[in-house]
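K.L.:
Sequence unavailable; structure follows:
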Ligand code: SF4
Ligand code: SF4
């Protein structure tokens with residue numbers, strides 16, 4: 001080849017884009033829980049043709065061949081799929097590091113043994129709170145006692161345990177109890193991830209966004225508990241980006257590391273990207289993973305910086321955050337190619353400030369007479385009938 005000849009666009013992408021290191025296999029949207037902050041799409045009830053076992057086995061092989069090294073099985077509740085151990089075994093055979101993200105429902109001793117035999121490396125167990133009352137209220141199920149038993153099963157099988165608790169206005173004041181519970185249950189890692197405001201959490205934002213005072217207290221207590229427990233547990237505390245002035249580098253950059261495959265086989269650069277209007281995303285039923293990753297218009301849409309508008313286009317910080325989250329830009333500014341409104345340079349930043357301002361009022365939800373909306377198929381169908389897509393409250 002002539003050394004001076006320009007690369008064709010396809011070769012250019014292959015030369016600049018790394019492999020899809022992380023595969024998120026969302027094997028079902030079905031879930032027995034009804035979390036008010038669920039990150040599944042609000043129109044999930046429209047998805048009913050889940051990929052079968054053979055399709056998933058092929059996706060695992062193709063993703064591994066394309067360079068994926070970590071595979072997280074997620075949902076919904078992945079344990080609702082009877083073939084989970086088969087999928088885990090194949091992922092391990094291929095050389096993936098495997099992770100199960102679960103609410104715990106369905107992790108019986110027998111399922112745990114099967115997953116252990118399949119070689120599952122790691123389990124992340126979610127709690128909604130440290131008390132039965134709030135855990136069961138927020139998930140709209142009686143699952144607190146079950147989760148305690150599942151935590152013991154995870155430890156008994158020798159898995160490292162990551163506990164995850166989504167933090168928000170309704171449970172943030174009990175953060176010390178959540179941390180103490182994680183230590184008592186023997187968790188090695190605790191993820192206190194403040195709710196991000198997409199999907200169901202966006203519908204419930206006024207109920208869930210904590211006040212500044214609540215966040216400052218929670219950070220102070222988390223630091224105090226880190227000192228108290230030292231090496232016994234590693235605690236991650238993720239601040240809600242509404243309280244920042246710069247957005248997060250969403251998914252480490254669009255189409256740079258993460259590949260999500262949804263239950264019906266749609267391949268996405270992030271698990272909420274399907275909401276973006278005017279975009280078409282490929283399906284693993286009709287296209288191979290390598291082609292999806294490098295060649296599909298959906299994955300290339302927000303790579304590089306040619307898509308950026310001002311102020312991002314000429315911003316000296318653009319490599320740091322890549323203009324933030326495309327879904328948040330669409331949900332709050334109405335344009336997926338706009339600057340993420342979390343950034344204080346965004347013309348739509350006032351929408352974030354308004355939500356933050358409302359969150360300082362102790363009675364915000366009572367004032368607005370808004371009921372908490374719990375995730376569920378009936379609610380999802382109602383939302384589909386109303387609008388067909390997620391909308392900001
Ligand atoms: S967030 Fe709650 S409702 Fe949503 S998938 Fe997870 S456990 Fe199920
Ligand atoms: S203007 Fe865009 S690139 Fe600059 S800091 Fe804000 S989001 Fe990041």
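P.N.:
Happy to help now that I have it. Since the structure is predicted, the reported quantities are computational estimates derived from the model, not experimental observations. Ligands and ions are numbered 1, 2, ... in the order given.
K.L.:
so where is the protein shaky, pLDDT-wise?
P.N.:
1-12, 364-369, 388-393 (pLDDT under 70).
K.L.:
residue ranges for the strands of it, please.
P.N.:
Taking DSSP state E to define them, one finds strands in the chain at 22-26, 70-74, 97-102, 122-127, 161-167, 189-194, 234-238, 258-261, 267-268.
K.L.:
can you pull the contacts of the closest residue in space to residue 263 that isn't next to it in sequence?
P.N.:
Setting aside the residues directly before and after it, residue 263 is nearest to residue 50 in space (Cβ to Cβ, 6 or more residues apart in numbering), at 4.6 Å. From N, CA and C alone the C-beta is placed, and that goes for glycine too. Shown in contact with residue 50 (Cβ atoms under 8 Å, 6 or more residues apart in numbering): 27-28, 81, 263-264.
K.L.:
How many residues are close by the residue lying closest to residue 271 once chain neighbours are set aside?
P.N.:
Spatial nearest neighbour of residue 271, excluding adjacent residues (Cβ to Cβ, 6+ apart): residue 260 at 4.6 Å. When neighbours are defined as other Cβ atoms under 10 Å, residue 260 has 23 of them.
K.L.:
What of the one 5 residues further on?
P.N.:
A total of 20 residues lie near residue 265 under the criterion other Cβ under 10 Å.
K.L.:
quick one: contacts for it?
P.N.:
By Cβ under 8 Å, 6+ apart, the neighbours of residue 265 are 51, 55, 59, 283-285.
K.L.:
Could you tell me which of the residues you listed are located in helices?
P.N.:
Residues of the contacts of residue 265 located in helices (DSSP state H): 55, 59.
K.L.:
Against ligand 1, how distant is the residue in the stretch 1-150 of the chain that ligand 2 sits nearest to?
P.N.:
Here the stretch 1-150 of the chain gets closest to ligand 2 at one residue, residue 16, 18.8 Å apart by Cβ to the nearest ligand atom. Using Cβ to the nearest ligand atom, to the nearest Å, residue 16 is found at 34 Å from ligand 1.
K.L.:
ok, now which ones touch that residue?
P.N.:
residue 304.
K.L.:
now do residue 83
P.N.:
So residue 83 contacts 53, 56 (Cβ under 8 Å, 6+ apart).
K.L.:
how about 7 Å then?
P.N.:
By Cβ atoms under 7 Å, 6 or more residues apart in numbering, the contact list for residue 83 reads residue 53.
K.L.:
circling back: and ligand 1, which of the contacts of residue 50 contact it?
P.N.:
Among the contacts of residue 50, no residue is within reach of ligand 1 (Cβ under 6 Å from any ligand atom).
K.L.:
Pick out the most distant pair among these.
P.N.:
81 and 264 (13.7 Å; Cβ to Cβ).
K.L.:
which one of the two has more residues nearby?
P.N.:
residue 81 (22 against 17).
K.L.:
quick one: the more buried one and residue 352, what's the gap?
P.N.:
38 Å (Cβ to Cβ, to the nearest Å).
K.L.:
before we move on, what about residue 234?
P.N.:
30 Å.
K.L.:
Those two: who's more crowded?
P.N.:
Neighbours were counted for residue 234 and for residue 352 using other Cβ under 10 Å; residue 352 has more, 24 against 13.
K.L.:
That one and residue 203, how far apart?
P.N.:
For residue 352, the distance to residue 203 - Cβ to Cβ - is 17 Å.
K.L.:
can you check residue 138 too?
P.N.:
For residue 138 relative to residue 203 (Cβ to Cβ), the value is 14 Å.
K.L.:
Can you give me the neighbour number for the residue nearest to residue 344 when sequence neighbours are not counted?
P.N.:
By the measure of Cβ to Cβ, 6+ apart, the closest residue to residue 344 outside its immediate chain neighbours is residue 245, 4.3 Å from it. Neighbour count for residue 245, taken as other Cβ under 10 Å: 11.
K.L.:
Can you verify my assumption that residue 245 contacts residue 346?
P.N.:
No: using Cβ atoms under 7 Å, residue 245 is not in contact with residue 346, being 10.0 Å away.
K.L.:
just to revisit the earlier point, what's the ChimeraX line that selects buried ones from the contacts of residue 265?
P.N.:
In ChimeraX, this line selects whichever of the contacts of residue 265 come out buried by 16 or more other Cβ atoms under 10 Å:
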select :51,59,284
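K.L.:
Can you tell me, leaving aside adjacent residues, what's nearest to residue 347?
P.N.:
residue 333 is the one closest to residue 347 (Cβ to Cβ, 6+ apart), at 7.6 Å.
K.L.:
swap in residue 244?
P.N.:
Per Cβ to Cβ, 6+ apart, closest to residue 244 is residue 342, 5.9 Å.
K.L.:
Could you measure from residue 249 over to residue 270?
P.N.:
From residue 249 to residue 270 the distance is 12 Å (Cβ to Cβ).
K.L.:
Which one's more surrounded, these two?
P.N.:
residue 270 (20 against 16).
K.L.:
Tell me the residues on the chain that lie near ligand 2, please.
P.N.:
246-247, 311-312, 315, 317-318, 321, 323-324, 339-340, 343, 345.
K.L.:
In CSV, list these along with distance to ligand 1.
P.N.:
Formatted as CSV, the residues of the chain next to ligand 2 follow (distance: Cβ to the nearest ligand atom, whole Å):
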residue, distance to ligand 1
246, 27
247, 23
311, 34
312, 31
315, 34
317, 32
318, 32
321, 26
323, 27
324, 23
339, 29
340, 23
343, 27
345, 32
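K.L.:
Just the ones of these in helices?
P.N.:
Per DSSP H, the residues of the chain next to ligand 2 map to helices at 318, 321.
K.L.:
Just the buried ones from the residues of the chain next to ligand 2?
P.N.:
Members of the residues of the chain next to ligand 2 classed as buried by 16+ other Cβ under 10 Å are 247, 311-312, 315, 321, 323-324, 339-340, 343.
K.L.:
For residue 204, give its distance to ligand 1.
P.N.:
Residue 204 is 12 Å from ligand 1, by Cβ to the nearest ligand atom.
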